[in-house]
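K.L.:
sequence first, then the predicted structure:
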Amino acid sequence: MSYFTAELAAKRLGMLHELVPGAGVLAVLVNPSNPNAENTIKDVKAAALAMKRRINILHASDNREIGTAFAALVQARAAALMTTPDALFTSRRVQIVALAARYLVPTLYTSSEFAKAGELMSYGTSLEEVYRQVGIYTGRMLNGEKPADLPVQRPTRFELVINLQAAQALDIDIPQTLLARADEVIE
């Protein structure tokens, strides 16, 4: 099962631009040790160029560097932040959500876990759908099918989650175009 989340970087950046259309600088948090980092950065830079937006790529590969990245974000006067998919960022979501709230930075994440933990928005693969597909494949293998005979599955369901409590804390009005597309709105 492919998680197919790194490939959504340009779409996420577009949503972030839609959230803060007048932003001069947008920031992107990347773990440089992630195997997808280089391709993600390339995709994000191309999307930013197409939107005529400046982006600031922030690197963090451990807990300390996450804090340093937020300090750099504030210094660069970035109007909003997008995280890229990474196990470090998911495992440190409480730290990242707290820093984003502390610095009042609207942030778009890759997983609904972030929005449910109190952050503004997330857009990514539906984990429920991925787990369902994994269960189906597990059942097929338990019934004798060989894993090598099963095709790689790509997710077909993606979800946009918006946390209105976080929007209120940031004093941000979520555009109706985003609210209309949201799969879940946390009130």
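P.N.:
Thanks, I have the structure now.
K.L.:
checking residue 161 next. Helix, strand or coil?
P.N.:
strand (DSSP: H, G, I helix; E, B strand; the rest coil).
K.L.:
spit out the contact partners of it.
P.N.:
112, 115, 116, 121, 122, 123, 182, 183, 184, 185, 186 (C-beta atoms under 8 Å, 6 or more residues apart in numbering). Heads up, the C-betas are built off the backbone N, CA and C, glycines and all.
K.L.:
state the distance from it to residue 11.
P.N.:
As judged by C-beta to C-beta, to the nearest Å, residue 161 and residue 11 stand 15 Å apart.
K.L.:
so residue 26 belongs to a strand, correct?
P.N.:
Yes: applying three-state DSSP, one finds residue 26 inside a strand.
K.L.:
what's across from it in the sheet?
P.N.:
Under the criterion DSSP bridges, residue 26 forms beta bridges with residue 55, residue 80.
K.L.:
what about the closest residue to residue 126 other than its chain neighbours, how many residues nearby?
P.N.:
Nearest non-adjacent residue to residue 126, counting by C-beta to C-beta, 6 or more residues apart in numbering: residue 157, 4.2 Å away. Residues within reach of residue 157, counting by other C-beta atoms under 10 Å, total 13.
K.L.:
again with residue 171
P.N.:
So residue 171, with other C-beta under 10 Å, has 8 neighbours.
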